[in-house]
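Visitor: Everything below, folded, please.
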Amino acid sequence: MSTQRYSVTPHPIETLLTWVKSGEIAIPEIQRPFVWDATKVRNLMDSLYQGYPVGYLIAWRNPSVRLKDGSTSSGKRILIDGQQRVTALMAGLLGIEVLTKDYDTVRIRIAFHPVEERFEVSNPAIRKDVAWLPDLAEVFAPDASLTELTDDYTEKNPDADRKKVSRVLERLRKIINNHVGIIELAEDLDIETVTEIFIRVNSAGASLSQADFAMSKIAANDLYDGNQLRKAIDYFCHLAVAPEFLARIEKGDKAFAATEYFQKMRWLKDVNDDLYDPSYTDMLRVAFTSEFRRGKLQDLVALLSGRNFETKQYEEAVAEESFAKLKAGVFSFMSKTHFDRLTMILRSAGFITSNLIRSQNAINFAYIIYLRGRAESMPAADLERLVRRWYVMSVLRGRYAGNPEGTFDYDIRQIDVRGLAAYANAVIDAELSDSFWDALLPQEFDTSSSSSSAFTVYKAAQAKLGDLGFLSRDITVRDLLLNRSDVHHVFPRNHLKGKGLSSARYNQVANFVIAQSEINISIGDRAPEVYFSELAEQCSGGPKRYGGISEISELRANLAVSCLPESLLDGKIPDFDVFLEQRRQLMAQKTKAYFATL
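Guide: Predicted coordinates:
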């Protein structure tokens with residue numbers, strides 16, 4: 001028995017383009033950024049002219065949905081592989097404009113040389129050269145006459161052989177009769193299988209995900225304003241990174257600029273904050289999970305298709321409601337009040353720069369918790385505390401590092417059953433028990449990765465607690481992280497290299513302190529027994545070699561906030577490995593004390 005879940009049918013390119021224009025096949029990516037460069041479009045045209053194969057396209061018909069009157073409507077086909085090629089065909093042969101990665105609307109013009117039978121990307125020099133036809137779209141225009149094209153060309157190029165030019169142009173025009181194989185997936189395939197196929201067939205060209213499929217699904221919907229919703233998601237994420245792009249939307253996409261979506265994102269034009277720059281995947285996750293109380297984006301694709309999870313049927317009412325809920329989630333995500341409050345909460349926990357943000361999904365779920373708490377009218381102070389603690393717990397424990405979708409889904413469903421505060425606090429207490437602080441966290445500091453979660457939270461702790469930089473009298477760790485700081489090796493790197501230690505040893509994060517660059521430079525490669533002895537002298541009236549601290553009590557306090565044992569000042573320099581063990585314990589206890597302040 002065959003397990004084949006698809007059929008393969010060849011279709012002329014002309015038929016394919018007609019289907020796209022009529023909407024029989026939905027090409028959602030036509031309204032999303034086109035990532036091919038013009039030379040790829042040129043190469044595709046040349047392959048067609050030479051009669052070379054250009055690959056298969058894969059289409060899937062949306063599930064038939066039950067309409068409100070009880071009848072059924074057969075869904076459009078969605079092209080889930082080959083979107084860039086079809087967009088290239090429409091750009092090159094039909095002259096449609098495409099959006100670039102920078103969201104500029106451009107016309108890609110491919111020129112053809114009838115004598116040399118050569119394609120090239122059109123440019124000013126080609127447009128001035130009468131030996132070239134500067135734009136293929138003019139050749140394939142519905143009212144274009146082959147005779148007139150030949151006459152016009154040979155009139156401008158009297159040395160050209162008219163019969164040959166005519167034959168060549170006829171051959172060129174016939175490329176739309178070339179066949180392209182369309183693989184049509186079986187209509188009864190479930191969403192999960194189609195999603196998996198989508199990801200697999202696309203993975204060779206780019207890393208695609210369920211979020212990409214969801215975006216294609218949204219963009220292909222013209223009944224519930226899907227394309228404008230898709231644009232809102234794309235544009236918001238682009239503006240978060242490049243606020244100056246707003247003027248380009250106003251000028252280049254006037255239809256979108258007139259929508260309520262655009263009004264709700266205008267505030268981004270004045271923002272130059274990169275603490276949380278969400279991708280469309282992040283935005284979809286937050287909007288979907290907070291509104292639908294589900295965490296798997298394949299469920300979003302199913303719901304937007306009209307899937308009723310109880311009856312297992314596809315219904316128009318479910319699709320309509322799902323688009324409305326997603327729109328509400330997107331508006332909630334884009335709210336200046338909500339977005340600003342989230343970043344304020346993160347900063348209040350010491351995560352003051354984007355360099356301290358190591359888990360985008362931890363922020364995403366923190367945002368979900370914030371939106372859920374707002375919807376439940378949780379007191380602001382209680383909600384802010386909960387979001388801070390959940391975010392730090394998530395980072396320390398790598399909660400969303402492995403399978404974020406599965407964990408999102410589990411957490412939001414548990415919140416639904418047990419209540420937001422009750423569930424969140426129970427998880428925090430379980431994940432950050434005394435055994436974590438006393439035994440596990442010190443082990444997490446046993447790493448040479450300065451981007452490790454534990455060290456990142458430690459730096460945030462120092463920023464939150466107002467700690468002074470190593471050997472600084474007035475400059476705080478917060479100031480240093482916001483401006484320019486050096487990571488100083490307590491046991492200097494070259495000192496340890498001279499003893500034969502590897503980088504994995506001397507770059508242990510427990511050997512790092514946050515310091516001003518001038519202090520780091522002044523210490524240089526001196527052995528710790530040398531410069532700590534000189535520091536003790538500095539506080540007994542000796543010369544100020546390292547920073548401006550001149551009181552022994554002030555120096556001891558400075559070492560304490562940097563989690564350095566006071567014994568260093570007494571000439572008792574431990575073995576390097578003993579020092580690392582001592583400091584890991586001190587760093588873990590500081591992080592625990594910091595968490596208690598959240």
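
Visitor: which residues does Ala137 contact?
Guide: Gly92, Leu93, Leu94, Gly95, Arg109 (Cβ atoms under 8 Å, 6 or more residues apart in numbering). The way it works is simple: take the backbone N, C-alpha and C, and place the C-beta from them, glycine included.

Visitor: Pull the number of nearby residues for the third one.
Guide: This points to Leu94. Leu94: 15 surrounding residues under other Cβ atoms under 10 Å.

Visitor: That one contacts Leu17, doesn't it?
Guide: Yes. Look at Leu94 against Leu17 with Cβ atoms under 8 Å: they come within range, at 6.6 Å.

Visitor: what sits up against stretch 288-296?
Guide: Under Cβ under 8 Å, 6+ apart, the answer for stretch 288-296 is 210, 285, 297, 299-300, 303, 322, 325-326, 328-329, 332-333, 365, 367-368, 371-372, 375, 405-413, 415-416.

Visitor: Distance from it to the middle of the chain?
Guide: 18 Å (Cα atoms, centre = their mean, to the nearest Å).

Visitor: tell me how far the ends of that stretch are from each other?
Guide: End-to-end distance of stretch 288-296 (Cα to Cα, to the nearest Å): 9 Å.

Visitor: Which elements pack onto the helix or strand encompassing Gln589?
Guide: Gln589 belongs to helix 576-597 when assigned by DSSP states H and E. The helices and strands touching helix 576-597, judged by 3 or more Cβ pairs under 8 Å, 6 or more residues apart in numbering; DSSP states H and E, are helix 380-397, helix 441-444, helix 453-465.

Visitor: What segments of the stretch 101-250 of the chain are helices?
Guide: Applying DSSP state H, counting those that start in this stretch to the stretch 101-250 of the chain gives helices spanning 124-128, 136-139, 146-156, 162-173, 191-202, 210-219, 226-241, 245-252.

Visitor: Nearest to Asn308, out of these?
Guide: helix 191-202 (12.7 Å; Cβ to Cβ).

Visitor: hmm, back to that, mean neighbour count, the helices of the stretch 101-250 of the chain: which tops it?
Guide: helix 210-219 (a mean of 24; mean count of other Cβ atoms under 10 Å).

Visitor: what angle sits between it and helix 226-241?
Guide: Relative orientation of helix 210-219 and helix 226-241, computed by axes from the mean of the first three to the mean of the last three Cα atoms, to 10 degrees: 130 degrees.

Visitor: At which residues are the helices of the stretch 301-450 of the chain located?
Guide: 316-334, 336-348, 360-375, 380-397, 404-418, 420-431, 434-435, 441-444.

Visitor: ok, now which ones touch the nearest residue to Asp467 once chain neighbours are set aside?
Guide: Leaving aside its chain neighbours, Asp467 sits nearest to Val561 (4.2 Å; criterion: Cβ to Cβ, 6 or more residues apart in numbering). Counting by Cβ under 8 Å, 6+ apart, Val561 touches Gln462, Leu465, Asp467, Leu468.

Visitor: Which of those ranks first by neighbour count?
Guide: Most neighbours among the contacts of Val561, by other Cβ under 10 Å: Gln462, with 27 neighbours.

Visitor: State the distance from that residue to Ser485.
Guide: 11 Å (Cβ to Cβ, to the nearest Å).

Visitor: And Thr353, by the same measure?
Guide: Separation of Thr353 from Ser485 (Cβ to Cβ) stands at 10 Å.

Visitor: With Ser22 instead?
Guide: 60 Å.

Visitor: For Ile183, which of the helices of the stretch 101-250 of the chain is the nearest?
Guide: helix 191-202 (9.0 Å).

Visitor: what is the rounded mean pLDDT of that closest one?
Guide: Averaging the model's pLDDT scores along helix 191-202 yields 68.

Visitor: Can you report phi and psi for the spatially most central residue of the chain?
Guide: In the chain, the residue lying closest to the centroid (Cα atoms, centre = their mean) is Ser279, at 3.4 Å. Ser279 has phi and psi values of phi -90, psi 170 when expressed as degrees, to the nearest 10.

Visitor: Sweet, I'm off.
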